[in-house]
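# With the sequence up front, the predicted model follows.
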Amino acid sequence: MSTQKELPSWLNDAIIYNIYPQSFNDTNSDGIGDLKGITEKLEYIQSLGANCIWINPVFKSPFLDAGYDVSDYYQIAERYGDLEDFKQLISEAKKRGIRVLLDLVAGHTSWDHPWFKESCKGDDNPYSDYYIWTDARIQKKRFVNGIGERDGGYMYNFYVHQPALNYGYYNIDENSPWQISMDDPRALKVHQELRNVISFWMDFGIDGFRVDMAMSIIKNDPECIGIKKFWSRLRSWFNTEYPDGVLLSEWGNPARAIDVGFHVDFMHQFGTLGWWNLFRDQVDPGQDLDVGFFSRSGEGCIEDFLSVFLEHHAKTKEKGYICIPSANHDTNRPSIHRSGRDLRVIQAFLLTAPGVPLIYYGDEIGMRFYKGLKNKEGAYYRSSSRTPMQWDSTVNAGFSTADKNELYLPIDPQNDRPTVDSQDTDEDSLLNLVRKLTKIRQETPALENNGDIIPVYAKNKKIPFVYLRKNNDDQYAMVVLNPSMNNETITIETDKIDGKTILSEGVTLLQEDGHKWEIGVKPQSFGIFE
């Protein structure tokens, strides 16, 4: 679909910081984070080396799914502030060279949205076909009957309170007369509504969107032919109107997502790339379970990850970017069952791998996955990854001065919970390691986002994992990772490095005959070399 020339140049050194707004920083003492709270912490975000923020949904919503149920795409939810607060956030971010991305919930709305309320009415009106309705006599999976005046049931995308917008079907079932083509004028009206929303916020000053459930737009399209047609059309329009803007997809299949028109696709807990092949939860010794590569056992599956990742990287290079996040609002945090040493090796990988890095708020200090929390706004077990940011040792870890019972979610109650304040001046902290790694990434040409990754030593159930990074000017760096508790020494052969140490924690590199190198790794170590 796209070429490198069509990609905004700023993506090549972008580092994204993902903010779950209700849990980041509360400035009005209501127990919920807000836009002013994000603005207040921009210098901190800048100190991380992040130059782009992605904010989870901040639109008006009944919050039955934490804002992924939008009732007005053009208004900021009152609990976060208002349009003036958002304008101020954008302005202050720009001053610091930080770009702003919003979360675009494209495939569905809340059942509180005025479009849906109109669509529920028994009489035909301009919104009757904005959503997918069957005849009431037709009982089908993922359709809800008994809502509104009309004689029919509506399709929902995720929860029942999220009715699916009617962008149309690619393959029409002749026995389902309620299905309309994606090129039907009724469907094209909804296509235009999405462009209107995008234009409003791009004109407001943001730099792009992360698109929720991007593959769900066109129905009955197993080969994604219609979806490709839809997003390719939108991308062509978007390139013309906003050539420096970006679209990131929640898809999990970069080769497909970038082919259909996205600039970046997220590798995550579902989809083709198998995020779990890297970050599957650490298991207790003796359990008969597969483990991710970042396991202390040394029994990880790096080849399982690489076989798929390298295929997608080859198909998307020069066309778009893969993003491997540390976590997000839908995944367990990487800290689950892991120590501080584990997290250091993980961050060394995330911030030296190709593609666009993403740090989920709090992962830079090793915030815990707070188990056992009750369901909050449709999160269920995911509440454990959405707890308030831990800033300091004051009340509520500096997140809010509200009574603890009024907080959006509870603060990690453990006395040794990590905080920004405790790590800020500790040279050996995880926070300061992240800062070092982002600085190294930005200052080392071989580590730029659109470069290659070349495995040098990558074997399942063996350590270390060694790979070269290479940019388009044939500049190289080498990365060595050992997430296990084992010592090991290996010999590799490469003429692409001179052995200069950029950063090492427990890795030694000795040159032998010619281009042979002896690599010694201590437990849970990493090294970066030129």
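Great, that's in hand. Residues are numbered from 1 along each chain as shown.
# which residues of the stretch 151-300 of the chain fall in strands?
Under the criterion DSSP state E, counting those that start in this stretch, the stretch 151-300 of the chain contains strands at 152-155, 208-212, 246-249, 264-266.
# which strands and helices sit next to the last one?
Other elements packing on strand 264-266 under the criterion 3 or more Cβ pairs under 8 Å, 6 or more residues apart in numbering; DSSP states H and E are strand 246-249, helix 254-260, strand 321-323. C-beta here means a position set from N, CA and C on the backbone, and glycine is covered the same way.
# To Lys219, which of the strands of the stretch 151-300 of the chain lies closest?
strand 152-155 (7.9 Å; Cβ to Cβ).
# same question for that closest one, mean pLDDT?
Average pLDDT, strand 152-155: 92.
# Quick check: neighbours of that strand in the sheet, parallel or antiparallel?
Strand 152-155 sits in its sheet next to strand 133-135 (antiparallel), strand 143-145 (antiparallel), going by DSSP bridges.
# and those as JSON lines, adding mean pLDDT, distance to Ser326 and mean neighbour count?
Output for the strands paired with strand 152-155, formatted as JSON lines (pLDDT from 0 to 100; distance: least, Cβ to Cβ, whole Å; neighbours: other Cβ atoms under 10 Å):
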{"stretch": "strand 133-135", "mean pLDDT": "89", "distance to Ser326": "41", "mean neighbour count": "19"}
{"stretch": "strand 143-145", "mean pLDDT": "89", "distance to Ser326": "36", "mean neighbour count": "17"}
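# Turn these into CSV, columns for distance to Tyr44.
Formatted as CSV, these follow (distance: least, Cβ to Cβ, whole Å):
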stretch, distance to Tyr44
strand 133-135, 47
strand 143-145, 44
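# returning to what we had before: columns mean neighbour count and mean pLDDT on top of the helices and strands packed on strand 264-266, output as TSV?
Rendered in TSV, the data for those read as follows (neighbours: other Cβ atoms under 10 Å; pLDDT from 0 to 100):
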stretch	mean neighbour count	mean pLDDT
strand 246-249	26	97
helix 254-260	25	94
strand 321-323	23	96
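# Minimum distance to Arg235: which of the ones you listed has it?
strand 246-249 (6.9 Å).
# Could you check how far that closest one is from the centre of its chain?
Taking Cα atoms, centre = their mean, to the nearest Å, one finds the center of strand 246-249 at 10 Å from the center of the full chain.
# go on, stretch 359-370?
That offset, for stretch 359-370, works out to 14 Å (Cα atoms, centre = their mean).
# Show me where the stretch 1-150 of the chain dips below the pLDDT cut-off.
1-5, 136, 138-139 (pLDDT under 70).
# tell me the mean pLDDT for the longest strand along the chain?
In the chain, ranked by residue count with DSSP state E as the criterion, the top strand is strand 516-529. In this model, strand 516-529 has a mean pLDDT of 97.
# From Thr401, how far out is Glu78?
From Glu78 across to Thr401, the span is 20 Å (Cβ to Cβ, to the nearest Å).
# Neighbour count for the two, which is higher?
Thr401 (14 against 9; other Cβ atoms under 10 Å).
# Not counting its neighbours along the chain, what's nearest the more buried one?
The shortest distance from Thr401 to any non-neighbouring residue, by Cβ to Cβ, 6 or more residues apart in numbering, is to Ser29 (4.7 Å).
# Assign the one you found to helix, strand or coil.
The three-state assignment at Ser29 reads coil, by DSSP: H, G, I helix; E, B strand; the rest coil.
# One more: Asn396?
Under three-state DSSP, Asn396 falls in the helix class.
# Can you report how many residues lie near the spatially closest residue to it that is not a sequence neighbour?
Nearest non-adjacent residue to Asn396, counting by Cβ to Cβ, 6+ apart: Ile411, 5.5 Å away. The number of residues packed near Ile411 is 19, by other Cβ under 10 Å.
# Give me the distance between Ile411 and Tyr370.
The gap separating Ile411 from Tyr370 is 8 Å, by Cβ to Cβ.
# Mutual contacts of these two, please.
Thr387 (Cβ atoms under 8 Å, 6 or more residues apart in numbering).
# quick revisit: could you tell me which residues make contact with the residue nearest to Thr401?
Ser400, Thr401, Ala402.
# Relative to Gly320, which of those is nearest.
Set against Gly320, the nearest of the contacts of Ser29 by Cβ to Cβ is Ser400 (38.5 Å).
# ranges for the helices of the stretch 351-500 of the chain?
For the stretch 351-500 of the chain, the helices defined by DSSP state H, counting those that start in this stretch occupy 420-424, 430-443.
# do the same with the stretch 151-300 of the chain
Here the stretch 151-300 of the chain has its helices, by DSSP H, counting those that start in this stretch, at 185-204, 225-241, 254-260, 276-279.
# Now the second one: buried residues?
Buried residues in helix 225-241, defined by neighbour count with 16 or more other Cβ atoms under 10 Å: Gly226, Ile227, Lys228, Lys229, Phe230, Trp231, Leu234, Arg235, Phe238, Asn239.
# Pipe those into TSV and attach distance to Pro418 and pLDDT per row.
Output for the buried residues of helix 225-241, formatted as TSV (distance: Cβ to Cβ, whole Å; pLDDT from 0 to 100):
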residue	distance to Pro418	pLDDT
Gly226	46	97
Ile227	41	96
Lys228	43	96
Lys229	47	97
Phe230	43	97
Trp231	40	97
Leu234	41	97
Arg235	40	97
Phe238	39	97
Asn239	42	96
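# Just name the closest of those residues to Ala257, please.
Trp231 (8.4 Å).
# Which residues are in contact with the closest one?
Contacts of Trp231 by Cβ under 8 Å, 6+ apart are Ala214, Ile217, Val260, Gly261, Phe262.
# And for Gly205?
Lys87, Ile90, Ser91, Lys94, Val100.
# filter those to the buried ones?
Buried among the contacts of Gly205 by 16+ other Cβ under 10 Å: Ile90, Val100.
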